[in-house]
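Colleague: okay, structure incoming, though there's no sequence with it:
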């Protein structure tokens, strides 16, 4: 198998630790460009780069042994593809067009073999990762503002390629990667512009977001309260598993036309037509393309689902179709801890519904008992002092101070609102019996209460939990063994269920009965949550302020309606404030020039890279080559003008942060490589009035590797944050 032909030193020491242990995670930054692919690894001081082109050869005409000095890859069925600069060179020799796996920044729809060849090229470029815990950030363009093509398919295809190679992956906007690579001195504030070959969403502010700390806040409130801070939301994997998502950068993205989505739980939410909604199968769809009865990925939560543990929050696992405690899910998914037998998950701040990872720890039952015993002892002395002060007429603010008093007030309110014990008290006051309230679990609770009345200590009750657990298991088994009484010839059901169990066929007739029967015995008890369905899509014909936030790794978050939506570069102090792309870049220049002079496109590209200067004179005698270079100059100038206009327009309409300092503009990408590009860029931009102050305009240290370098920096940062 051939090797990538160019190895470029990194632009900065992204891997300063020379004595890394062999078992440490391998971090990779992968720049997925239309013209070039670049890979930076944490275990190497080199950044590998290859052209993103290929040419299939006929093995009947060329033997593998003849390709010893040529970069190539072999397909599963024996196909041979020359890749990189060698493909480019041979295509020019024979006057043919190279095959391009990508077009305008995205996977090409014209090349049937594009994905297979890209998989082989990436495997060859990245190198051996077998047996290594590997993490990779790969680049994607932002959604184009001047073309209808979506980035979603492109992003998912690259994710699947890396997944097949056994690599953990996260996508990152390529312009943000430039800022990570080039703007450390400016505290990651700047405007990154990637002039590559390819391409150089939102909810209304009143949308409510359930947080893992037990609170529910609107997007506008998050924008006001979490400026620069991270917070935890509910996210969802493609398979339906509910997971904790680390969110940041809540922001206003502009004022846009919105639509209203009505769901089958009698709720609705407003969003832009292009906002991505997660379907029940784990794929995404733009809100404007939803249809009536489309199934969406749901978030179901319940408080006090298990009466033995009142006040704790549970969520429904859509993959395995069962309920579980949210705190168990969080410690498993985020902390990598599986609750052991005989252990409990302790909430450090004593708030049962605050399930943020920082608030949870695993203790044995004995440790948990000893801890609460000590706290109770200390609390009793403090409580006595507080009660005496309250009787003297002092307020909570006078006793605790303003900040602590407000915190206590919020915790009490949250606990009362979310606690199932308050519901139980209301039901008891309405005259319901213990058995009516708790059903088949009443016996377990009665037994605990009787132990307490006998004068047993908390420790003795806990130690007696094995007896209660046995009773719980017996009751559970009793319920699980129930089967429906099947109809014979009688028109009525003469069978019966044990007390406390709802027959699956109660009230069902005709076709509805057959439908449930065909679904099997899983419906023999009360209905199980499956999905949310779209009832109606309403065009409001109004413009509203819209907001978004960013979730690392999973790139989605739940809203209070019980569904999951996708999150959508100007960066200010590390916060992504604006991303967009245009469909005009290096390929656009080469294509239009090729059309204007009657030449194949890769021949134009070859002449550009060999002779192009955007400043000074070029001594060329060949008249056709002169025409090519003249056309290239005019189109470079047009591209820069177009890009600057779009930056001004998008900044004015979408950036809602106060930028109190001058920002650098960093230009990168292969299109910025010709001599004089920065000078031309400065000349063009000086003719415009910008909505921000510019400190300087500079080219990236190495325009071809800046994105890969920035992606590696981001990967290393993310992996460190996981520890």
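Modeller: It's in. The model shown is predicted, which means the values in this text are computed figures rather than measured ones.
Colleague: okay, now the domains of the protein?
Modeller: Here the chain is described, according to automatic domain parsing, as comprising the domains 6-182+706-722, 203-300+531-567, 303-432.
Colleague: from the contact counts, what lies against the helix or strand where residue 710 lies?
Modeller: Element membership of residue 710, judged by DSSP states H and E, is helix 706-722. Counting by 3 or more Cβ pairs under 8 Å, 6 or more residues apart in numbering; DSSP states H and E, the packing neighbours recorded for helix 706-722 are strand 26-32, strand 36-41, strand 47-51, strand 134-140, strand 168-173, helix 174-182, strand 663-668. C-beta: built from backbone N, CA, C; applies to glycine.
Colleague: angle of that helix against strand 663-668?
Modeller: Computed by axes from the mean of the first three to the mean of the last three Cα atoms, to 10 degrees, the angle separating helix 706-722 from strand 663-668 equals 120 degrees.
Colleague: can you get me a residue count around residue 257?
Modeller: The number of residues packed near residue 257 is 13, by other Cβ atoms under 10 Å.
Colleague: same question for residue 609.
Modeller: By other Cβ under 10 Å, 12 other residues sit near residue 609.
Colleague: looking at it now. What's its pLDDT?
Modeller: Here, the pLDDT recorded for residue 609 equals 80.
Colleague: my read: residue 701 touches residue 178, true?
Modeller: No: if you go by Cβ atoms under 8 Å, residue 701 and residue 178 don't touch, sitting 10.7 Å apart.
Colleague: between these two, who's got more neighbours?
Modeller: Looking at residue 701 and residue 178 with other Cβ under 10 Å, you find the greater number of neighbours at residue 178, namely 29 against 15.
Colleague: how much space between that one and residue 721?
Modeller: In this structure, residue 178 and residue 721 are 21 Å apart, going by Cβ to Cβ, to the nearest Å.
Colleague: what do you get for residue 28?
Modeller: If you measure residue 28 against residue 721 using Cβ to Cβ, the figure is 17 Å.
Colleague: ok, these two, which is more surrounded?
Modeller: A count of neighbours by other Cβ under 10 Å puts residue 28 above the other of residue 28 and residue 721, at 28 against 10.
Colleague: might one say that that one is in contact with residue 127?
Modeller: No: counting by Cβ under 8 Å, residue 28 stays clear of residue 127, with 9.4 Å between them.
Colleague: who touches both of those two?
Modeller: A shared contact of residue 28 and residue 127, defined by Cβ atoms under 8 Å, 6 or more residues apart in numbering, is any residue touching both; here these are 39, 41.
Colleague: buried set for whichever helix in the chain runs longest?
Modeller: Of all the elements of type helix in the chain, the one with the most residues (DSSP state H) is helix 623-654. By 16 or more other Cβ atoms under 10 Å, the buried positions in helix 623-654 come out as 625, 628-629, 631-633, 635-636, 639-640, 642-644, 646-648, 650-651, 654.
Colleague: would you map the helices across the stretch 301-450 of the chain?
Modeller: In the stretch 301-450 of the chain, helices defined by DSSP state H, counting those that start in this stretch lie at 326-333, 365-391, 396-400, 402-418, 420-429, 434-438, 442-453, listed in chain order.
Colleague: ok, residues contacting stretch 700-708?
Modeller: With Cβ under 8 Å, 6+ apart as the contact definition, stretch 700-708 has outside contacts at 8, 10-12, 29-31, 33, 36, 38-40, 47, 49, 139, 174, 177-178, 181-182, 194, 666-670, 672-673, 709.
Colleague: buried by neighbour count, from those residues: which ones?
Modeller: Buried by 16+ other Cβ under 10 Å: 8, 10-12, 29-31, 33, 36, 38-40, 47, 49, 139, 174, 177-178, 181-182, 194, 666-670, 672-673, 709, out of the contacts of stretch 700-708.
Colleague: about what we covered before: export the helices and strands packed on helix 706-722 to CSV and tack on distance to residue 206 and mean pLDDT?
Modeller: Supplementary listing: the helices and strands packed on helix 706-722 in CSV, determined by distance: least, Cβ to Cβ, whole Å; pLDDT from 0 to 100:
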stretch, distance to residue 206, mean pLDDT
strand 26-32, 37, 94
strand 36-41, 43, 92
strand 47-51, 46, 88
strand 134-140, 30, 92
strand 168-173, 27, 89
helix 174-182, 28, 85
strand 663-668, 31, 86
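Colleague: adding distance to residue 325, write the ones you listed out as JSON lines.
Modeller: Written out in JSON lines, the entries for the helices and strands packed on helix 706-722 read as follows (distance: least, Cβ to Cβ, whole Å):
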{"stretch": "strand 26-32", "distance to residue 325": "34"}
{"stretch": "strand 36-41", "distance to residue 325": "40"}
{"stretch": "strand 47-51", "distance to residue 325": "46"}
{"stretch": "strand 134-140", "distance to residue 325": "29"}
{"stretch": "strand 168-173", "distance to residue 325": "26"}
{"stretch": "helix 174-182", "distance to residue 325": "36"}
{"stretch": "strand 663-668", "distance to residue 325": "46"}
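Colleague: for residue 617, give its distance to residue 611.
Modeller: As it turns out, when the distance is counted by Cβ to Cβ, residue 617 lies 11 Å from residue 611.
Colleague: hmm, I typed the wrong one, I wanted residue 213.
Modeller: As defined by Cβ to Cβ, residue 213 lies at a distance of 61 Å from residue 611.
Colleague: what number of residues are in the vicinity of residue 350?
Modeller: Here the count is done by other Cβ under 10 Å, and residue 350 has 12 residues near it.
Colleague: hmm, I was thinking of residue 398
Modeller: Burial of residue 398, expressed as a neighbour count using other Cβ under 10 Å, amounts to 13.
Colleague: nearest spatial neighbour of residue 614, skipping sequence neighbours?
Modeller: Taking Cβ to Cβ, 6 or more residues apart in numbering as the measure, residue 614 lies nearest to residue 676, with 3.4 Å between them; neighbours along the chain are not counted.
Colleague: quick one: pLDDT of the one you found?
Modeller: Reported pLDDT at residue 676 in the predicted model: 89.
Colleague: hmm, back to that, distance to residue 189 added to the domains of the chain, as JSON lines?
Modeller: Supplementary listing: the domains of the chain in JSON lines, determined by distance: least, Cβ to Cβ, whole Å:
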{"stretch": "domain 6-182+706-722", "distance to residue 189": "8"}
{"stretch": "domain 203-300+531-567", "distance to residue 189": "12"}
{"stretch": "domain 303-432", "distance to residue 189": "28"}
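Colleague: out of those domains, which is closest to residue 684?
Modeller: When those are compared by Cβ to Cβ, domain 6-182+706-722 sits nearest residue 684, at 18.5 Å.
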